[in-house]
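Novice: What shape does this take:
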Amino acid sequence: MNLARPTDCAIPVPAAPPPRRFWWVLVAFAGLMFTALVLNPGLLRVLGVNHYGVWCLDLSAILASNDALARGLDPYAPNPLDVFGRPHVYAHWWLHLGRLGLTRGDALWLGFALAAAFFVAAVAPLRPRQPGEIAWSLVVLCSPPVLLALERANNDLVIFVLLAPVVPCLLSRRPGVRLLAVPLLALAAALKAYPAVGVLVLLAGVDRRDTRRLLFVAALVFLALLPDAATDFMRYAKIVPETEGLMTMGARNLFVGLGLPVATARVLGPLVGALVIAIFLRAKFFDHWTVAPADRGAWLSFVLGATLLTGCFFAGASFAYRWVFALWLVPLLWRLPRDPAAPAAVRRLAAAAAALLIVALWADAMASSLLDKFSAGLTPENVLRTADRFFYFEQPVTWALFICLLGFLTHFAQEGVRRLFRAEPAAALSAQSVPASR
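Specialist: Predicted coordinates for the structure are as follows:
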């Protein structure tokens, strides 16, 4: 990364590929760990992930909703066919799986197939260049929230797999391929509402005209989906379970921990987030910093992952499954703190985000594991009270992470909007002829 560059919207230039052996070491270590957990599920509990003796519980719940529908039952009511009696709390599109002949009996093989697809999508863009980067990647890839999502075969894995091609599409030299990012985002948003915030990454068009085209097509597609999405939301919004405590995240948790009513906390979270954005805009924290064309893929992956996480954080409270998108933060948060060309303040912010991310990914699960090990003799009320105290104590750390992410996202959005309304520099136009490196 350099301080003075004509543009940060050029297609990436070729870069020397990292040694392939480092990638294979990463894949081997992660694969061995996942295999060990499958063969010995008791290890999950050591890592703070509660295994109920049954794999793919979340996928099974969706398939149970399809089975209920086939029997003439209301899938949005408590479901006697599900292990925990859970109703369907997602878009109606998931209820078409039964038409493919899928039932609860298919949950295991389908869940492991989904896990395999996720693993491929997760490791494919990772390009560790040294042993330390392998370790950093494994800390995120094998973190308890990712393991929890895999163990339950949660449908956030489907969203991850659907959105994985978005950045490669945006990096393509072909306008038609770049436009494919829009239906991918729309499909994910139709299945679960939160991926809609991912349209922010469309500000990364090659030039002003390309960005406007992407945003225009996205506006048309999402407007067409809006009535259907609104109908779905009205159907399941009131039955979505409240999430709180260990292995959840949300902006409101800090204020609830301070004793404020939940309704007030829900409003305060986004308001404080807006204030943070205003501060970053005024402080000009990222002045004189742009992303090198060779790092454009890592930057856009970071933006997509950070947008999804930040959107969920400020929208309410979410289960820890959402942290799977932190995998897209991995390459940039390793490279940027070590980039001597980046301003010191930007490097420090990236380093802080990396450290805070480790805490966010591991703290809850480690607290849960320790409570499980040392709770003998304590009443359930005392265990719950201790867990809640730890949970609320860590909320400032989680907030600090999202403040860092908001800073980078504010910079990205500000630069993207500026490009929409200013003439293209001649250097930028010539840079578009540089071949892609992917």
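Novice: low pLDDT regions in the chain?
Specialist: 1-18, 423-438 (pLDDT under 70).
Novice: middle-most residue in it, spatially?
Specialist: When C-alpha atoms, centre = their mean is applied to the chain, the residue found nearest the centroid is Phe325 (2.3 Å).
Novice: any idea how far that one lies from Leu57?
Specialist: Distance of Phe325 to Leu57, computed by C-beta to C-beta, to the nearest Å: 21 Å. Just so you know, the C-beta spots here come from the backbone N, C-alpha and C atoms, and that holds for glycine as well.
Novice: Arg422 now?
Specialist: From Arg422 over to Leu57 (counting by C-beta to C-beta), the distance is 51 Å.
Novice: ok, these two, which is more surrounded?
Specialist: Counted by other C-beta atoms under 10 Å, Arg422 and Leu57 do not tie: Leu57 has more neighbours, with 20 against 9.
Novice: Excluding residues flanking it in the chain, which one is nearest the more buried one?
Specialist: Leaving out its chain neighbours, the residue that sits closest to Leu57 by C-beta to C-beta, 6 or more residues apart in numbering is Arg152, at 5.0 Å.
Novice: got it, and Trp323?
Specialist: Nearest to Trp323 is Pro145, by C-beta to C-beta, 6+ apart, at 3.7 Å.
Novice: neighbours around that neighbour, how many?
Specialist: Pro145: 25 neighbours (other C-beta under 10 Å).
Novice: which residues does it contact?
Specialist: Neighbouring residues of Pro145 by C-beta atoms under 8 Å, 6 or more residues apart in numbering: 247, 320-324, 326, 361, 365.
Novice: Let me know the helix or strand that Gly305 is in.
Specialist: helix 296-315 (DSSP states H and E).
Novice: Just the closest of the contacts of Pro145 to Phe285, please.
Specialist: Ala326 (22.2 Å; C-beta to C-beta).
Novice: I figured the closest one hits Val140, correct?
Specialist: Yes: if you go by C-beta atoms under 8 Å, Ala326 and Val140 touch, sitting 5.7 Å apart.
Novice: Name the residues contacting each of those two.
Specialist: Joint contacts of Ala326 and Val140 (C-beta under 8 Å, 6+ apart) are 357, 361.
Novice: Let's verify Pro75: helix, strand, or coil?
Specialist: coil (DSSP: H, G, I helix; E, B strand; the rest coil).
Novice: check contacts around the spatially closest residue to Val262 that is not a sequence neighbour.
Specialist: The shortest distance from Val262 to any residue other than its chain neighbours is 6.0 Å, reached at Val256 (C-beta to C-beta, 6+ apart). Listed by C-beta under 8 Å, 6+ apart, the contact set of Val256 reads 244, 262, 265, 392.
Novice: Narrow these to those in helices?
Specialist: 262, 265, 392 (DSSP state H).
Novice: ok, the last one to Thr310 distance?
Specialist: As defined by C-beta to C-beta, Tyr392 lies at a distance of 21 Å from Thr310.
Novice: More neighbours: which of these two?
Specialist: Applying other C-beta under 10 Å to Tyr392 and Thr310 shows that Thr310 carries more neighbours, namely 22 against 16.
Novice: Skipping its backbone neighbours, what lies nearest the more buried one in space?
Specialist: Leu405 (5.3 Å).
Novice: Give the full set of residues in contact with the one you found.
Specialist: Contacts of Leu405 by C-beta under 8 Å, 6+ apart are 306, 309-310, 353.
Novice: about what we covered before: just the element for the residue nearest to Val262, please.
Specialist: With DSSP H and E as the criterion, Val256 is inside helix 252-257.
Novice: do the same with Ala218
Specialist: Going by DSSP H and E, Ala218 is in helix 208-236.
Novice: Show me what that helix is packed against.
Specialist: helix 175-179, helix 181-191, helix 395-420 (3 or more C-beta pairs under 8 Å, 6 or more residues apart in numbering; DSSP states H and E).
Novice: what angle separates the last one from helix 208-236?
Specialist: Between helix 395-420 and helix 208-236, the angle formed by their directions is 140 degrees, by axes from the mean of the first three to the mean of the last three C-alpha atoms, to 10 degrees.
Novice: surely the residue nearest to Leu57 meets Tyr52?
Specialist: No: under the criterion of C-beta under 8 Å, Arg152 is not in contact with Tyr52, lying 9.4 Å apart.
Novice: Which one of the two is surrounded by more residues?
Specialist: More neighbours surround Arg152 than the other of Arg152 and Tyr52, with 24 against 11 (other C-beta under 10 Å).
Novice: ok, that one - contacts?
Specialist: 56-59, 321.
Novice: Dump those residues to CSV, plus distance to Ala116 and secondary structure.
Specialist: Output for the contacts of Arg152, formatted as CSV (distance: C-beta to C-beta, whole Å; DSSP: H, G, I helix; E, B strand; the rest coil):
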residue, distance to Ala116, secondary structure
Cys56, 13, coil
Leu57, 18, helix
Asp58, 17, helix
Leu59, 13, helix
Tyr321, 18, helix
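Novice: now the residues you listed: which count as buried?
Specialist: 56-59, 321 (16 or more other C-beta atoms under 10 Å).
Novice: Can you add distance to Phe314 and give those residues back as JSON lines?
Specialist: Below are the buried ones among the contacts of Arg152 laid out as JSON lines (distance: C-beta to C-beta, whole Å):
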{"residue": "Cys56", "distance to Phe314": "30"}
{"residue": "Leu57", "distance to Phe314": "28"}
{"residue": "Asp58", "distance to Phe314": "24"}
{"residue": "Leu59", "distance to Phe314": "28"}
{"residue": "Tyr321", "distance to Phe314": "17"}
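Novice: Just the closest of those to Tyr90, please.
Specialist: Of these, the one sitting nearest to Tyr90 (C-beta to C-beta) turns out to be Asp58, at 10.3 Å.
Novice: Look up the closest residue to Gly98, ignoring the ones flanking it.
Specialist: Asn66 (3.5 Å).
Novice: The one you found and Thr103, how far apart?
Specialist: 7 Å.
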